[in-house]
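Asks: Sharing a model prediction with you, sequence too.
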Amino acid sequence: MKSVTQEADNPLGYQKESKLLINFAVPCIISMLVTALYNIVDQIFIGQGVGMLGNAATNIAFPLSTTCTAIALLLGIGGASNFSLELGAEEEKRAARSAGNAMVLMAIFGLTLFVLVTIFLTPMLKFFGATSDVLPYAQTYTRITSIGFPFLIANTAISKLILADGSPKYSMMSMLVGAVINTILDPIFIFGLDMGMAGAALATIIGQIISFCISLRYVFHFRHVKLTRESFHLSQFCCRHIFALGASACFNQIAMTIVQIVMNNTLSYYGAQSVYGGEIPLACAGIITKVNMVFMAIIIGISQGTQPIVGFNYGARKYGRVKKTYLQAVCTATVLSFLAFLCFQIFPRQIISIFGEGSEMYYTFSERYFRIFMFLVIVNGIQPVTSNFFTSIGKSRLGIFMSLTRQIIFLLPLIIIFPLFMGIDGVMYAGPIADAAAAIVCGVFLVRELKELTQKQNQTLAGEAL
């Protein structure tokens, strides 16, 4: 039985679930929106200051941004999930070890990615689908932004640990400050100093470094654990748990990266065979991907906001609170998905216009792509919330499977097969079919898990009655 002190010290175990979800999800949403804004703000200013080729270049570089996010979520969500489970079980030293090990891994992975990108920059960008016209812009942008990769990874990952420690507002602030700085510096560097792509990249890494410094300060002031030198000694057992619990969120981002690379190459190849050419599909798809990132940032923020609540209460064997938190999260995500559906169907041209001007053919393609590819966005909130739910309760393999359903199992094969018969339109129709299939699979596994939680809840109540 949990001690009275534990209950009094940590509101995760007793405060109303809806209030906790708001307190934790809102800062998570803002933090995720900030991550999206690093890309979308650059896209807007680059579109206005550089043009269509600049927009296409940021789309080519985008897989590296999702790679950074994948690593950050692997270590951040993995470390935070383990941290919450151990804290719920009153194992403070093991919780501290999880946080310390995660931070050491952040440094190793971040520096390794920077070195690899620096060495293999040009062949990597060509592999991502860069045409000869787009390549110089992508090289300029990526060469500078890669300097910020270690800071971006560490800041994003540490923010998840800060959240798990019960400080969602600080987690939000650490991300928000960098985005504000990036937004201020972008027009100064791009227009005022006429630095173009280099200015956008420089503004981005300055914001990332400042955000990292704010997050690093919290490392010395955790509320529920005390980090010691021993906490940073890598443990094979601890690292294995971090990787297992973070794999779901990581694989979801890796899946996005793989799909983006394949899609870029597909759009370039089939676009060149169509009336649109290779550059228009690349630029339009990049914009739509970034806009979708804003919507998905909200959904993923909700799913991550549930993590400390679900993880703590599952570790404390309060299964009723676990189930209620999940159901509230998935219902909220579905309502927001419906609002996104309305925006994407009614205002596609207005949204595209924010990112700069283009030809009538440019707008024609972008409107069709928006309306068709995003047609079933209304069910897109189910998969990330469910995937993170399974990870939070320690069922990492099921979480990984859920994270792969839409991107790898369904969307990737479809964007390869459909264009063989439908040309570039095949990419558009692959989206809604993959969305529907992923939602159905998540629903099947979810019903089974909710029944199991109800059984555990009844058994726990029966045991307490005895």
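Replies: Thanks, I have it.

Asks: State the distance from residue 167 to residue 82.
Replies: Distance of residue 167 to residue 82, given as Cβ to Cβ, to the nearest Å: 18 Å. No exception for glycine: its C-beta is placed from N, CA and C like everyone else's.

Asks: who's more crowded, the two?
Replies: residue 82 (26 against 20; other Cβ atoms under 10 Å).

Asks: Sticking with the more buried one, tell me its helix or strand.
Replies: helix 52-88 (DSSP states H and E).

Asks: Could I get the full set of strands for the stretch 51-200 of the chain?
Replies: For the stretch 51-200 of the chain, applying DSSP state E, counting those that start in this stretch gives no strands.

Asks: remind me which residues of it are low pLDDT?
Replies: 51-52, 55, 84, 86-92 (pLDDT under 70).

Asks: and the gap between the residue lying closest to residue 388 once chain neighbours are set aside and residue 383?
Replies: Distances taken as Cβ to Cβ, 6 or more residues apart in numbering put residue 303 closest to residue 388, at 3.9 Å, once the chain neighbours are dropped. From residue 303 over to residue 383 the distance is 9 Å, taken as Cβ to Cβ.

Asks: which one of these two has more residues nearby?
Replies: Between residue 303 and residue 383, residue 303 has the larger neighbour count (other Cβ under 10 Å), namely 29 against 25.

Asks: What strand or helix carries the residue nearest to residue 426 when sequence neighbours are not counted?
Replies: Closest residue to residue 426 apart from its sequence neighbours, by Cβ to Cβ, 6+ apart: residue 418 at 3.0 Å. Assessed by DSSP H and E, residue 418 sits inside helix 412-422.

Asks: Skip ahead from that helix and say which helix or strand is next.
Replies: Counting by DSSP H and E, the next helix or strand C-terminal to helix 412-422 is helix 425-465.

Asks: so that next one versus helix 412-422, what angle?
Replies: Here the directions of helix 425-465 and helix 412-422 differ by 160 degrees (axes from the mean of the first three to the mean of the last three Cα atoms, to 10 degrees).

Asks: Can you work out which other helices and strands pack against helix 425-465?
Replies: Secondary-structure packing of helix 425-465 (3 or more Cβ pairs under 8 Å, 6 or more residues apart in numbering; DSSP states H and E): helix 236-272, helix 319-346, helix 360-373, helix 382-392, helix 396-404, helix 412-422.

Asks: Buried residues in the last one, which are they?
Replies: Pointing back at helix 412-422 there. Across helix 412-422, burial judged by 16 or more other Cβ atoms under 10 Å covers 412, 414-416, 418-419.

Asks: Tell me which two of those residues sit farthest apart.
Replies: Spatial extent of these (Cβ to Cβ) is set by the pair 412 and 419 at 12.6 Å.

Asks: circling back to that earlier point, can you check the pLDDT for the residue nearest to residue 388?
Replies: Residue 303 carries a pLDDT score of 81 in this model.

Asks: ok, now residue 227?
Replies: Residue 227 is given a pLDDT of 67.

Asks: Residue 196 reaches residue 54, doesn't it?
Replies: Yes. Using Cβ atoms under 8 Å, residue 196 is in contact with residue 54, at 7.4 Å.

Asks: out of these two, which sits in the more crowded spot?
Replies: residue 54 (27 against 19).

Asks: Isn't the more buried one up against residue 47?
Replies: Yes. Between residue 54 and residue 47 there is a contact under Cβ under 8 Å: 6.6 Å.

Asks: residues touching the closest residue to residue 392 other than its chain neighbours, list them.
Replies: Spatial nearest neighbour of residue 392, excluding adjacent residues (Cβ to Cβ, 6+ apart): residue 310 at 4.0 Å. Under the criterion of Cβ atoms under 8 Å, 6 or more residues apart in numbering, the contact list for residue 310 reads 322, 325-326, 389, 392-393.
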